[in-house]
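>>> 3D model of this:
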Amino acid sequence: MTGLDLSPTIALLVSWMVAFIFIAAARHKLVARVRFQASLMAYELVPEKLVGVAAGGLTITEIVVVVGCLLAYPPVMLVGAGLFLVYGVAMAINLRRGRQFIDCGCGDEPTPLGLGLLVRNCALCGLTVGAAGGVPALGFAAGWSLLIAGVGALLAYGIYAAIDQLLANSGRHRRLWLGVS
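Next comes the predicted model:
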């Protein structure tokens, strides 16, 4: 086959998109620390005395994942996939308990738990695992590959952010419709 092999470029694009997602998530955890701790406490999965420690640990882990994804370092990318999975499992447990009106704690916009968030997290976990298996050694990319990966990652993150906002709006609509504040 001749020409540009896009597989490593797509893997890099996904890696950078995941970095952007975790930048936004970590920023939220740092800026709205108390609100994130309240969300974490509402999940009722961490003992109350450990919520602050757990929140700090998750924030630090997300920052490490940002750096690892920007560098397209597969072991750290897998940690990011693990975070998507852990967050999804925590959501699923609470949905199973019938507790859908908990802020997911994902970002600035309060978003209640729902199937859409579970699908999102599963998709992000799978994409991240796939990208971790496809990223080339550091220094592979030059020129067009970096440009394509960078622009593609920004576009993909923009689509992610739009879908995330739709999920938040859907939750707001459900609360208004049901008269839940």
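>>> What segments of the chain are helices?
Using DSSP state H, the helices of the chain run over 7-31, 33-42, 51-70, 74-96, 115-134, 144-178.
>>> most tightly surrounded among those helices?
Comparing the helices of the chain by mean neighbour count (mean count of other CB atoms under 10 Å), helix 7-31 ranks first with a mean of 21. (C-beta placed from N, C-alpha, C; glycine too.)
>>> quick one: that helix to chain centroid distance?
Relative to the chain's own centre, helix 7-31 is displaced by 8 Å; criterion: CA atoms, centre = their mean, to the nearest Å.
>>> any low-confidence regions in this protein?
By pLDDT under 70, the low-scoring segments of the chain are 1-6, 136-144, 171-181.
>>> circling back to that earlier point, between the helices of the chain, which gets nearest to Asp103?
helix 33-42 (4.6 Å; CB to CB).
>>> what's the angle between the closest one and helix 74-96?
60 degrees (axes from the mean of the first three to the mean of the last three CA atoms, to 10 degrees).
>>> and the gap between Leu50 and Gly57?
9 Å (CB to CB, to the nearest Å).
>>> Over to Asp103?
Distance, Asp103 to Gly57, by CB to CB: 19 Å.
>>> next one: Thr9
Counting by CB to CB, the gap from Thr9 to Gly57 is 33 Å.
>>> can you pull the contacts of the residue nearest to Ser39 when sequence neighbours are not counted?
Counting by CB to CB, 6 or more residues apart in numbering, Ser39 lies nearest to Gly105, which is 3.4 Å off, once chain neighbours are set aside. Applying CB atoms under 8 Å, 6 or more residues apart in numbering, we find Gly105 in contact with 36, 39-40, 43.
>>> Looking at the residues you listed, which one is closest to Arg96?
Nearest member of those to Arg96, counting by CB to CB, is Tyr43, at 12.2 Å.
>>> neighbours of the closest one, just the number please.
Tyr43 has 21 neighbouring residues, counting by other CB atoms under 10 Å.
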